[in-house]
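Colleague: Generate a structure from the sequence data that follows.
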Amino acid sequence: MAAKYVLKKTANGQFKFDLHAGNGEPILASESYVAKQSAENGIASVQKNSPDEDQYERKTASNGQAYFVLKATNGQVIGTSEMYSSTQARDNGIESVKKNGPTTDVKDET
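Modeller: Reported below is the predicted structural model:
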C-alpha cells in the first residue's frame with residue numbers, strides 16, 4: 001500500500017487533509033481550510049516542503065509528549081503530527097513524513 005493524502009470535508013463544512021503512510025496510519029494532519037482549493041494548496045505545500053529537514057519544528061506538549069509541526073518556507077504551519085511517547089518515536093515520524101510527503105496520491109473524500 002502506498003502513502004496517500006486523504007482530503008475530507010469537516011462537519012462544519014471546512015476542508016482538511018491527512019497524510020497516511022504506506023501502512024495506512026495517519027502521520028500528519030492539516031489545519032482546517034474554508035475552501036477546498038486552499039486545502040489542495042496545503043497538500044502541494046507538504047509535497048514540496050516535507051523532504052526538507054529545516055521545515056520541521058520539534059516540540060513538546062505540556063503533558064510531556066513529543067510532537068512536530070511541518071512549516072512552509074514562509075513559516076506558516078502546514079501540518080501537525082500526532083503525540084508521541086518519546087522523542088525517538090517523534091523523530092521516526094518526521095522521517096516517515098519526509099519519505100511519504102512527496103507522494104502525489106490524493107484520495108478525495110469530499
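Colleague: Helix or strand: which one has residue 42?
Modeller: Using DSSP states H and E, residue 42 maps to helix 36-49.
Colleague: Could you look up the SS state of the residue located most distally from the centre of the chain?
Modeller: Most distant from the centre of the chain: residue 63, at 21.4 Å, with distances by Cα atoms, centre = their mean. Following DSSP: H, G, I helix; E, B strand; the rest coil, residue 63 is assigned to coil.
Colleague: Could you find the closest non-adjacent residue to it?
Modeller: residue 83 (7.9 Å; Cβ to Cβ, 6 or more residues apart in numbering). Yep, even glycine has a C-beta here, placed from its N, CA and C like the rest.
Colleague: hang on, the one you found packs against residue 66?
Modeller: Yes - between residue 83 and residue 66 there is a contact under Cβ atoms under 8 Å: 7.4 Å.
Colleague: More neighbours: which of those two?
Modeller: Between residue 83 and residue 66, residue 66 has the larger neighbour count (other Cβ atoms under 10 Å), namely 19 against 14.
Colleague: what residues are up against the more buried one?
Modeller: 58-60, 83-87, 89-90 (Cβ atoms under 8 Å, 6 or more residues apart in numbering).
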